[in-house]
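1. Output the structure for:
(chains A, B, C and D)
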4 protein chains.
Amino acid sequence: MNFDSDNQSGVSPRILESLVSACSGSASSYGTDDWTRRAESALGQVFGRDVRAFFVATGTAANCLALSAVANPWDAILCHRQAHIAIDELSAPEFFTGGARLLPLETDSGKITAKDLHASLDTMPAQRPHNVRVSALSVSQATENGLVYSQAELAQLADAAHQRGIHVHMDGARFANAVATLACEPADITWKAGIDVLSLGASKNGALAAEAVIVFNDALARDFELRRKRAGQLVSKGRLFGAQFVSWLQDDHWIEMARNANQTAQYLWATLKTHNEIKPTWPVEANEVFVVMKRDLLAGLKAGGVGCSGWYRRSVPQSINMSDDELPVRFVTSWSTTHSEVDVLAELLHQLA
Amino acid sequence: MNFDSDNQSGVSPRILESLVSACSGSASSYGTDDWTRRAESALGQVFGRDVRAFFVATGTAANCLALSAVANPWDAILCHRQAHIAIDELSAPEFFTGGARLLPLETDSGKITAKDLHASLDTMPAQRPHNVRVSALSVSQATENGLVYSQAELAQLADAAHQRGIHVHMDGARFANAVATLACEPADITWKAGIDVLSLGASKNGALAAEAVIVFNDALARDFELRRKRAGQLVSKGRLFGAQFVSWLQDDHWIEMARNANQTAQYLWATLKTHNEIKPTWPVEANEVFVVMKRDLLAGLKAGGVGCSGWYRRSVPQSINMSDDELPVRFVTSWSTTHSEVDVLAELLHQLA
Amino acid sequence: MNFDSDNQSGVSPRILESLVSACSGSASSYGTDDWTRRAESALGQVFGRDVRAFFVATGTAANCLALSAVANPWDAILCHRQAHIAIDELSAPEFFTGGARLLPLETDSGKITAKDLHASLDTMPAQRPHNVRVSALSVSQATENGLVYSQAELAQLADAAHQRGIHVHMDGARFANAVATLACEPADITWKAGIDVLSLGASKNGALAAEAVIVFNDALARDFELRRKRAGQLVSKGRLFGAQFVSWLQDDHWIEMARNANQTAQYLWATLKTHNEIKPTWPVEANEVFVVMKRDLLAGLKAGGVGCSGWYRRSVPQSINMSDDELPVRFVTSWSTTHSEVDVLAELLHQLA
Amino acid sequence: MNFDSDNQSGVSPRILESLVSACSGSASSYGTDDWTRRAESALGQVFGRDVRAFFVATGTAANCLALSAVANPWDAILCHRQAHIAIDELSAPEFFTGGARLLPLETDSGKITAKDLHASLDTMPAQRPHNVRVSALSVSQATENGLVYSQAELAQLADAAHQRGIHVHMDGARFANAVATLACEPADITWKAGIDVLSLGASKNGALAAEAVIVFNDALARDFELRRKRAGQLVSKGRLFGAQFVSWLQDDHWIEMARNANQTAQYLWATLKTHNEIKPTWPVEANEVFVVMKRDLLAGLKAGGVGCSGWYRRSVPQSINMSDDELPVRFVTSWSTTHSEVDVLAELLHQLA
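-> So this is what the prediction gives:
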């Protein structure tokens, strides 16, 4: 019953098989091998156009290298106040960008809207050279609250950003979950919606360690290979990432895994909401379930062997009343989470009720 | 009638005389000259103890070099949401610190309290190594709202910070104005109150270009001269700064100039408040007057030759009702502002009423 | 017949087996898993003392993170003029250290001696705060020329460095090859010889992607986990590195693989030197063979399917006469290189003679 | 008898007068004042075309900001091995450029030739993304050895650089001395010769603290004002620099002062060379005299009150035999050095002979 994080799940057998196959024999180094080329080609097919893909080892590296391509050291990057880049990646964004500033948008809504963007820019001091200028917007898809932007929402947001001379980055650590939810083409919610650069994460969805920066705007890809090398992210045996991405993408394996995670999240939520002391924080749209519960109940669950995480108090919208003996809790499902794990949790909840 | 900014005022004759005197003849370079030594010694007397002083050309350099001594690149710096370092110094704080993060404290109060500090830290995620850790607090004295921290407020705040392992930096661009208001010793509101490092500004108060970082905590002074050199802030003719500081400090000249600015601000506020459409934003405690007025009235003042600045809408506390045709306005007085300038403004206001 | 680089070789079956085993099931993330703990423990046993180990994805990251712990942004790092960090890692050293300077020591000798170190420091301008101060020495073991420092050479060098207040970093991308050559304990040529921090590479010697920074000096380990996180080098599934290192170290597997590479290099050199137009550049002490040969001969070898690399002209000592139609060439062997590959090369050489 | 450095000389009365005049009354801040505009305009006239000028407080800031405009953090900057930026500015070049690498060209010649440039680039590893790429060449005019590049030398060098895709920066800390020597137009040895960006120093030649970055290539000026602000180099009272530059440039004052310094250097050299134990190191072409002398003789001069500097042993070309009891010595003259100071030195030398 591990609902702690999807990054704790194991590796899909198909990906592992591919990795094993790639490990034998000599291969050209530093990303000039066949596996890397096949992965790049597969990404081109999945996104319905040529793309520039840069593989790296971590989501933090993917996000922050991507940000470095859209923000000069004297620029600012707008993001949601709960964005992973703003909270959970230490000061890596500043490190990779050479000192650009994150401006977390204070909103109680779980997503950023085009209106939010305009309002934020309109009330921000903008006197050159004293005030930082926003050069980039970063959105997460799915969001850190488990929500999913629709294609229309993204298109409006990216359009607003471009009108203001702002590039758009998407943190796609859970991009597959969003695609599975929307049942759309990957292109629909990326370059066709105006996304300039995407961090595409596989590590939370069946891979071992495989992240990619997908650049849709050619100008932004210039010197990107130098950024990656300089950051110590160019592995010598590129097949490590190539082999994972090839199998991850093949035959919609990535979407199937994400779909399982999403469906299990729904099943989990259906279970949780039967308990009358558990209140939802956000709608369940991907593979995360956010609720508010009594501290005692959480303690009981943990004592019963349920892995889940007490969450930041500030993550709860002000519209939700939360007493002092309550706290926010996050449950995450993954490609490998089973319904029977949820059933055991249900039984435990029943006992604790 | 220039109430735009105290950094637009001229240079005090006494400071100019000292500067002229220092310009003749040879002198040892890079801060090893007699004027620099005299200035360091004068600072020691003014602060009632040995201090380490590092002279630089701008307030931004003073603030950001000071911050670099109290924050590693992976640390965070708490400050008021209206702090100069957070708004008006581009991304210089990130540049000088190598990528530390500013965390502006969202408060409607014009000052940060010890309680604010604890509340902020208590609700902040603090999981190592994912979340940034606050290593420094930066307070402005006088504040960017024209308020002045009392000695007790500072002592409580610094004490709270130290309890949490946090160093305290003071942005003293208008430090002299605060000393004049409180009629205290400089030591009372700096090292005796727990301040670790002070940016002491003379440029807004009679000097031409003279700022100093005063380090009260010896450990923080280690390698500071290397930080300054690396930042291109070690001028070859150190007497530039030495001569200004010597005369600025001599015979309380700096305090007298600040006192004049403060008193003129009171006189100005007494004038402004006679106009029934002008509302105060903050109490007038130093040399700045913040009000809310009709756009038409501001236009009339400007047309009449009054220099003052429309201010950030977000700078106004939510408790103040401000209609769409109103806006915040800032008036600043300096050592050289005269009562007759205010009188002309009064006459103009009378006409516009 | 791939003698291009040891980073092109495949993955050892034993390491792969361990990796596969680690991939199933849930595990705690961000390096808090059992595989990581086992790897740390194994490293402690191999080095004969407690060590702090930080796993990362690339040699560049290992080297440059290590350097960041021994050099402030205003310091300098001495290294051999052929050091990998000085040539082949772009400007990653500057990036990770926040701008420290590499000072390549110009020597025709393949290794740095204590005398070289003293001479270099003694002729270097050292006026504070104008000139950079050397805070670190970086040595490679085995070197980029395929040489191996003896324990005594390292101890003298590190001792000289420490006398001058300088920390010592070892780039151990081919550390296993050095240990195999010297038939010593790993401790003998690291902490017992005065090495403060080691980059230990497994990727060139049977692993897929596994590098570690081993910190022997506790003070240098402080905040190292923050450096790694900030650099986007903390992978979520730590078992990736843990599983590789556990099997790499088990039952001296790493030393056996390195020994095979070294012996094959000797066999290769014995073959090459039979050709009267091939001249040695450096003694063969690890798994690399450096020679000078005619351009035509190299072209013939390449046409015959031999993978090897034309090398930097400046890498050849001035004592070796090299005509315009000659050039330096590098051959590298790995754990998986076979004698029969060398035999085919021998046959080809015979034909080309 | 201060021949230590031209940065120890006093301020020219004409410049001081201008400065005093600028200090009275209010003026617009942050470089939007009339003095700044007049200085910019004067620079346009002096250089015979529109230029973008950015005033800063130190030569280090001017050089390093300029370098940041011509080198990405992953690029390299070629310079002479004795360049000020490579030796005397700590690691400021790395700081301002975000980690670009200086590659000091090892030459015994006092100047860099087009041939040196090509040879250096041709023997440098250049495999993307592993090796740094040279994006900028920095030349000093006059050089750190007191030599002066002719217009033809500069044009050939800049042409060679541009052919290789390399921008050219000129460190003009002693630019006025070079113009005086060549009796040319400033344009002849800058933009007409292919210089892209110039650091123009006045502080060593009669000013108090006044340096400018002159950008001849418009594309490089983009965002330069943000670079300057971010570096804490935008002073609030811009008239500080404006007033100095206006008077420095007016009526060829700067050239006259430089001419005096140069002529006095010739007079000094004529004196020194009469002593049969003093050997010249470099021809005297600007305001610096480099010689080799016995340690005893230097001690005698210092005891007699002569200010001059023992210089780096490595600065002496290998062609000059220097015994262990000899050492290199530097004498510098300035706008204010008098012939009578030299005469006293001559008398002392005579006594010591």
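2. which one is the spatially most central residue of chain A nearest to, not counting chain neighbours?
-> Centroid-nearest residue in chain A: residue A:173, 2.5 Å away (criterion: CA atoms, centre = their mean). In space, and not counting its chain neighbours, residue A:173 is closest to residue A:201: 4.0 Å by CB to CB, 6 or more residues apart in numbering or on different chains. Placement of C-beta: from N, CA and C, glycine included.
3. For that neighbour, list the residues it contacts.
-> Residue A:201 makes contact with A:59, A:62, A:172-175, A:211 under the criterion CB atoms under 8 Å, 6 or more residues apart in numbering or on different chains.
4. Adding pLDDT, write those residues out as JSON lines.
-> Shown next, in JSON lines, are these (pLDDT from 0 to 100):
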{"residue": "A:59", "pLDDT": "98"}
{"residue": "A:62", "pLDDT": "98"}
{"residue": "A:172", "pLDDT": "98"}
{"residue": "A:173", "pLDDT": "98"}
{"residue": "A:174", "pLDDT": "98"}
{"residue": "A:175", "pLDDT": "98"}
{"residue": "A:211", "pLDDT": "98"}
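5. re earlier: please verify my assumption that the residue nearest to the centre of chain A contacts residue A:140.
-> Yes. With contacts counted by CB atoms under 8 Å, residue A:173 reaches residue A:140, the gap being 7.2 Å.
6. re earlier: in TSV, list the contacts of residue A:201 along with secondary structure.
-> Listed next are those as TSV, based on DSSP: H, G, I helix; E, B strand; the rest coil:
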residue	secondary structure
A:59	helix
A:62	helix
A:172	strand
A:173	coil
A:174	coil
A:175	helix
A:211	strand
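7. Quick check: PyMOL command selecting the buried ones in those residues.
-> Selection of the buried residues among these in PyMOL, burial being defined by 16 or more other CB atoms under 10 Å in any protein chain shown:
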select buried, chain A and resi 59+62+172+173+174+175+211
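8. closest to residue C:13 among the contacts of residue A:201?
-> Nearest to residue C:13 among those, counting by CB to CB, is residue A:211 at 27.2 Å.
9. What's opposite that closest one in the beta bridge?
-> residue A:56, residue A:201 (DSSP bridges).
10. ok, it to residue A:46 distance?
-> To residue A:46, residue A:211 is 15 Å away according to CB to CB, to the nearest Å.
11. now residue A:171
-> 18 Å.
12. who's more crowded, the two?
-> Neighbours per residue (other CB atoms under 10 Å in any protein chain shown) separate residue A:171 from residue A:46, with residue A:171 holding more: 28 against 22.
13. Are we agreed that that one is in a helix?
-> No. Residue A:171 is assigned strand when assessed by three-state DSSP, not a helix.
14. ok, now which ones touch it?
-> Listed by CB under 8 Å, 6+ apart, the contact partners of residue A:171 are A:59, A:63, A:83-85, A:138-141, A:199.
15. if we can go back for a sec, show me what contacts the residue nearest to the centre of chain A?
-> With CB under 8 Å, 6+ apart, residue A:173 has these contacts: A:59, A:84, A:140, A:199, A:201, A:204.
16. With residue A:4 instead?
-> A:307-309, A:332.
17. what's the burial count for residue A:251?
-> There are 9 residues near residue A:251, going by other CB under 10 Å.
18. and of the contacts of residue A:173, the nearest to chain B?
-> residue A:84 (9.6 Å; CB to the nearest CB).
19. Go ahead and confirm that closest one touches residue A:142.
-> No. Counting by CB under 8 Å, residue A:84 stays clear of residue A:142, with 11.2 Å between them.
20. hey, where'd the helices end up in chain A?
-> In chain A, the helices defined using DSSP state H lie at A:13-22, A:34-47, A:59-70, A:84-87, A:92-97, A:114-122, A:151-163, A:175-182, A:218-221, A:224-230, A:239-249, A:253-272, A:295-303, A:339-352.
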